[in-house]
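**Student:** whatever this is, show me its structure:
(2 chains)
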Amino acid sequence: MIRLQNIEKVYRTSTVETLALSSINLDIAKGEFLSIMGPSGCGKSTLLNIMGLLDAPSKGDIKIDNQKTDHLSDKQLAAFRNKKLGFIFQSYHLINDLQVLDNVELPLLYRDSTAKERKMLATEALEKVGLANRVKHFPNQLSGGQKQRVAIARAIVGRPEIILADEPTGNLDSAMGSEILDILLQLNQKDGTTIVMVTHDENMAHKTHRLVRLFDGSQVQ
Amino acid sequence: MFKHLFKLIWNKKKQNFLLMSEILVSFLVIFAVFTLVVYYYHNYKKPMGLDYQGVWVINYSNSYQTKNTDSLNLYYSTLVQTIKSLPQVKQVSFTADNTPFTQNMNTGGITFNNKKMDGNNWYTVDDNYKNVLNMDLLEGRWFNKGDYATKSKPIVINSDLKEKLFGNGSALGKLIGDGDNKSKMRVIGVVQSIKIKGDYANTEAGLYQRTDTGSFRWLGKMLVKVTPDADATFEGKLYKTVANYMKNSDVEIEHLADKRVSINYFTLVPIIVLLIVACFLIINVALGLFGVLWYNINKRRGEIGLRRAIGATGNSVSSQLVFEAMILATLSLIIGTFFAIQFPLLNVFSLPASVYIIALFLSIIFIYLLVFVCSLHPGKQAAAIYPAVALHEE
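**Tutor:** Numbering: from 1, shown residues only, chains lettered A, B, ... in the order given. Down below sits the predicted model:
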């Protein structure tokens, strides 16, 4: 599903050159739930951003669903992200001025869909994460766990094949973290969604199919 | 997408209130400026109604004082003949102080069909006035010596007064004024209204009443039509001729063309001041808009990063921000238009409705352009935000 070959990422400023990722080779199969672990600053989020086509590698190739992505234009990349990928972030990234339903509908605004379809799909996604009764709420009226569930609903509303989650439980207590992980596991098991999750939590990582460890930008496991 | 943006703006109405107020105030000031500009242009396009080139105004005072009408007639007839004998003089006319392009006014009411209408200009002129100013006669005739002995006092009205009193009907022979028919004034002609207050002023309703040499002592001005070769030397000669004749009088010669330039400045000064104020305001608003949009973009970097991540292109993020600014402008313009439209509806300042409508239209275009230009650069900056960086910052 996702193939990374010799990925290298270097951040350059006028005075400093920082190697964030070095020789990353990774194959992620369709329907796999992979977790990435490593100490802070080891390049986990950079790797996830590269997989999510939010950042370009300095070297190496990325293939998603057998499609090379290095030659895609801004428009093609945007369409690719919209249809194939769903993102979940540690700090949720919900728009506080929009109600829950509108937040979940967001990815559908960037594809051809009617208001009725958007509403139907968003309600369905919210039902999946158990927040069907919170559609009219604003994000600041929700708990951290609920916010993350809204973010998951937003990630799955467009029915993407891949979900990239960057420390989805990082801001939550262990009970809420477990709830979120359960939802992700269900999505993986029931819908066959491929999930790549960056986490600091060893227990959670062990519940996934495979664990990849990074250290100083290199893959150590 | 429109509904989504509208929802976003509506939910942020408190944050957007100041920006909307700024746009609203600018719109109202721009509307005022455009109203004046359109009104002046509207007046400028109208015909002047007179030919001011080569017309000089001789101001005199302390003229010949006697109660003997024959002596007065002789005195002024001789003065006219003396002036006319100068080779560069084509026509001479006596008139009251409200000559074209002065601030002097003589206004009064007119009664017609028992209805009094105020604010009409009264001009006291002689038989040569029309020829000196080359005025257009639209109906009937101008005064002549035969009018001295008519039963009703003859008057000539201008086209504005004709429209005011008679609409599209004929004015000739109609009696105007109070009392019985003897004391009423009879309309003998209609002339084109003249822009007495300069190029940018509107024409006003007015009537011309006849005077002759017997009454010239009450007047204070002569209009002299001169040939194109009349120069400063001739002006000196004319001055000496008049001053020598009117021994105790203070004589001054002015050119109608210079008076026109002077009164035009007088009319243009308020609009120039208003334009300068408006320019500063527009610069202020532009900088304010630019600043607020710039600030919004920096505040919304996370949202912009998220939108890019979930499928927005750089261009669609940029257009979204421009579009949001345009929606805010539209909301302000709806409120502004509500206030602006009251001016033609309530006929405030008695300007033609078309002036307000054109000014309204121009102001709307101007505000949209201003908002568009001010949001374009911040929008481009937003498009350049790298999603991975923006999402990481949050």
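**Student:** what packs against the helix or strand harbouring B:E22?
**Tutor:** Assigned by DSSP states H and E, B:E22 falls within helix B:13-45. Using 3 or more Cβ pairs under 8 Å, 6 or more residues apart in numbering or on different chains; DSSP states H and E, the elements in contact with helix B:13-45 are helix B:256-299, helix B:314-340, helix B:353-383. Using the backbone N, CA and C atoms, a C-beta is placed for each residue, glycine as well.
**Student:** next secondary structure after the shortest one?
**Tutor:** Moving toward the C-terminus from helix B:314-340, the next helix or strand (DSSP H and E) is helix B:342-345.
**Student:** how about the residues of chain A by chain B?
**Tutor:** A:45-46, A:49, A:52, A:54-55, A:74-75, A:78-79, A:81-83, A:87, A:89, A:91, A:93, A:95, A:97-98, A:102, A:105-107, A:109-111, A:115, A:138, A:154, A:158 (Cβ under 8 Å from any Cβ of the partner chain).
**Student:** give me the neighbour count for B:N315.
**Tutor:** Residues lying near B:N315 (other Cβ atoms under 10 Å in any protein chain shown) number 14.
**Student:** that older thread, so can I have TSV of the helices and strands packed on helix B:13-45 showing distance to chain A and mean pLDDT?
**Tutor:** Below are the helices and strands packed on helix B:13-45 laid out as TSV (distance: least, Cβ to the nearest Cβ, whole Å; pLDDT from 0 to 100):
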stretch	distance to chain A	mean pLDDT
helix B:256-299	11	87
helix B:314-340	6	91
helix B:353-383	9	91
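**Student:** residue of chain A nearest chain B, please.
**Tutor:** Residue nearest to chain B within chain A (Cβ to the nearest Cβ): A:N82, separated by 2.7 Å.
**Student:** how much space separates that residue from B:K247?
**Tutor:** Here the criterion is Cβ to Cβ, to the nearest Å. By it, A:N82 lies 99 Å from B:K247.
**Student:** okay, these two: which has more neighbours?
**Tutor:** For A:N82 versus B:K247, neighbours defined as other Cβ under 10 Å are more numerous around A:N82 (21 against 8).
**Student:** tell me which element that one falls in.
**Tutor:** Secondary structure from DSSP H and E places A:N82 in helix A:74-84.
**Student:** what's the span of stretch A:140-148, first residue to last?
**Tutor:** Using Cα to Cα, to the nearest Å, the end-to-end distance of stretch A:140-148 comes to 12 Å.
**Student:** please name the residues that touch the residue of the stretch 201-350 of chain B found nearest chain A.
**Tutor:** Proximity of the stretch 201-350 of chain B to chain A (Cβ to the nearest Cβ) peaks at B:G311, 2.7 Å away. B:G311 sits next to A:A78, A:A79, A:R81, A:N82, A:K83, A:P107, A:Y110, A:R111, A:G158 when contact means Cβ atoms under 8 Å, 6 or more residues apart in numbering or on different chains.
**Student:** how about those in JSON lines, adding pLDDT?
**Tutor:** What follows is the contacts of B:G311, written out as JSON lines (pLDDT from 0 to 100):
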{"residue": "A:A78", "pLDDT": "90"}
{"residue": "A:A79", "pLDDT": "89"}
{"residue": "A:R81", "pLDDT": "89"}
{"residue": "A:N82", "pLDDT": "91"}
{"residue": "A:K83", "pLDDT": "89"}
{"residue": "A:P107", "pLDDT": "92"}
{"residue": "A:Y110", "pLDDT": "90"}
{"residue": "A:R111", "pLDDT": "87"}
{"residue": "A:G158", "pLDDT": "87"}
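**Student:** so for the longest helix along chain A, what gets flagged as buried?
**Tutor:** Longest helix of chain A, by residue count under DSSP state H: helix A:174-191. By neighbour count on 16 or more other Cβ atoms under 10 Å in any protein chain shown, the buried set for helix A:174-191 is A:M176, A:G177, A:S178, A:E179, A:I180, A:L181, A:I183, A:L184, A:L187, A:N188.
**Student:** contacting residues around the last one?
**Tutor:** Applying Cβ under 8 Å, 6+ apart to A:N188 gives the contacts A:G31, A:F33, A:T194, A:I195.
**Student:** now the third one. Its backbone dihedrals?
**Tutor:** For A:T194, the backbone dihedrals (degrees, to the nearest 10) come out as phi -80, psi 130.
**Student:** run through the bridge partners of it.
**Tutor:** Counting by DSSP bridges, A:T194 forms beta bridges with A:I162.
**Student:** correct me, but it touches A:I2?
**Tutor:** Yes: under the criterion of Cβ atoms under 8 Å, A:T194 makes contact with A:I2 at 7.2 Å.
**Student:** secondary structure element holding B:K90?
**Tutor:** Using DSSP H and E, B:K90 sits within strand B:89-95.
**Student:** pLDDT on that strand, on average?
**Tutor:** Here strand B:89-95 scores 92 as its mean pLDDT.
**Student:** what helices or strands is that strand leaning on?
**Tutor:** Here strand B:89-95 touches helix B:69-84, strand B:115-125, helix B:129-133, strand B:221-226, going by 3+ Cβ pairs under 8 Å, 6+ apart.
**Student:** how about that strand: buried residues?
**Tutor:** By neighbour count with 16+ other Cβ under 10 Å, strand B:89-95 contains the buried residues B:V89, B:Q91, B:V92, B:S93, B:F94, B:T95.
**Student:** could you point out the helix or strand that follows the host helix or strand of B:V187?
**Tutor:** In this assignment (DSSP H and E), B:V187 forms part of strand B:185-191. Per DSSP H and E, the first helix or strand lying C-terminal to strand B:185-191 is strand B:206-210.
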